[in-house]
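> whatever this is, show me its structure:
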Amino acid sequence: MNATGVEERIVLVTGAGRGLGAAISKTLAAAGARVVVADVRRQAAADVAEGICQAGWRASPLALDVTDPASVGAGIEAAVSQHGGLDAVVNNAGVDVTCPAAELAIEDWERVLKTNLSGPFYVCKAALAHLQRSRAPHVVNIVSTAAKRAWPNACAYHASKYGLLGLSHALHAELRAYGIKVTAILAGGMRTPFLLDRFPDIPLENLQEPENVAEAVRFALTQPANTVVAELMVLPMKETSWP
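Numbers count the residues shown, from 1 in each chain. Prediction:
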């Protein structure tokens, strides 16, 4: 069976105002998708969408806060109203707080869990009815090697990413009955602000370009109709957080 392309598919990407989310948006738009560039920062989403359109591809910005179910619901309804449907969501929005557990503020714990774990659930819940009407529905969750192995001073991040991997597999088991694919992308270290803003001394040669992970997202979205990539780990060759 021929692979499914992304041409004309309407794809919503969260956390798309910079870094990996921006790279995913550009990669999918270049492949022919109609991308909804969603970010809590309205101007960042607008800037990425404008750049995509200037390149001759198609994208629209959307202000969306994944930690707020009302914002998620309203945002998805607005996107569907504008584009006439929804074929895929890429849950990419994420935050981290580097801090020993004994010093981690409760507010920071809750913010990380709400963004990285509850947020993807809110998006999936709000998008489900629309995805069921798609010919090629797909949910992609951007996870991390932090869902497989732990290191110090990141307990909230690990809890959220272990949880997101579990959520991804649970949704795969449940939603395949409706023809909806679910993929967990476990990304290793990337040259993005998410990592470099906090750890500017990391050797760049140990990291991968976000565009490489974006290509993995495109790959997952373009599998044959009767095949799903349920879990895919994408590492830089010199990844230091994985054996």
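> show me the contact partners of the lowest-mean-pLDDT helix or strand in the chain.
Lowest by mean pLDDT, DSSP states H and E among the helices and strands of the chain is helix 193-196, with a mean of 76. Under the contact criterion CB atoms under 8 Å, 6 or more residues apart in numbering, helix 193-196 has outside partners R18, G19, L20, G94, D96, G189, I202, L207. C-beta here means a position set from N, CA and C on the backbone, and glycine is covered the same way.
> gap between it and the chain center?
Distance, stretch centre to chain centre, for helix 193-196: 16 Å (CA atoms, centre = their mean, to the nearest Å).
> from G15, how far out is the residue nearest the centre of the chain?
Residue closest to the mean C-alpha point of the chain, counted by CA atoms, centre = their mean, is N92 at 2.2 Å. In this view, N92 and G15 are 4 Å apart by CB to CB, to the nearest Å.
> same deal with V140?
Between V140 and G15 the computed distance is 12 Å (CB to CB).
> do T183 as well
Distance of T183 to G15, computed by CB to CB: 17 Å.
> of the two, which one has the most company?
A side-by-side neighbour count of T183 and G15, using other CB atoms under 10 Å, places G15 first with 30 against 25.
> average pLDDT for stretch 118-130?
Mean per-residue pLDDT for stretch 118-130: 98.
> er, stretch 176-186 I mean
Taken as a whole, stretch 176-186 has a mean pLDDT of 97.
> equivalent analysis for stretch 234-243, please.
The pLDDT scores in stretch 234-243 average 78.
> rewinding a little: next, show the common contact partners of N92 and G15.
Common contacts of N92 and G15 (CB under 8 Å, 6+ apart): G21.
> next structured bit after the lengthiest helix in the chain?
Looking across the chain with DSSP state H, the single longest helix is helix 155-175. Next helix or strand after helix 155-175 toward the C-terminus (DSSP states H and E): strand 181-187.
> contact partners of that following strand?
Residues outside strand 181-187 that contact it (CB under 8 Å, 6+ apart) are 20, 137-145, 147-148, 164-165, 168-169, 171-172, 175-176, 213, 216-217, 220-221, 223, 228-234.
> in terms of secondary structure, what does the longest helix of the chain contact?
Helices and strands touching helix 155-175, by 3 or more CB pairs under 8 Å, 6 or more residues apart in numbering; DSSP states H and E, are helix 106-113, helix 119-131, strand 138-142, strand 181-187, strand 231-234.
> let me know which of these is tucked in deepest.
strand 138-142 (a mean of 27; mean count of other CB atoms under 10 Å).
> give the buried residues for stretch 13-26.
For stretch 13-26, burial by neighbour count (16 or more other CB atoms under 10 Å) applies to 13-26.
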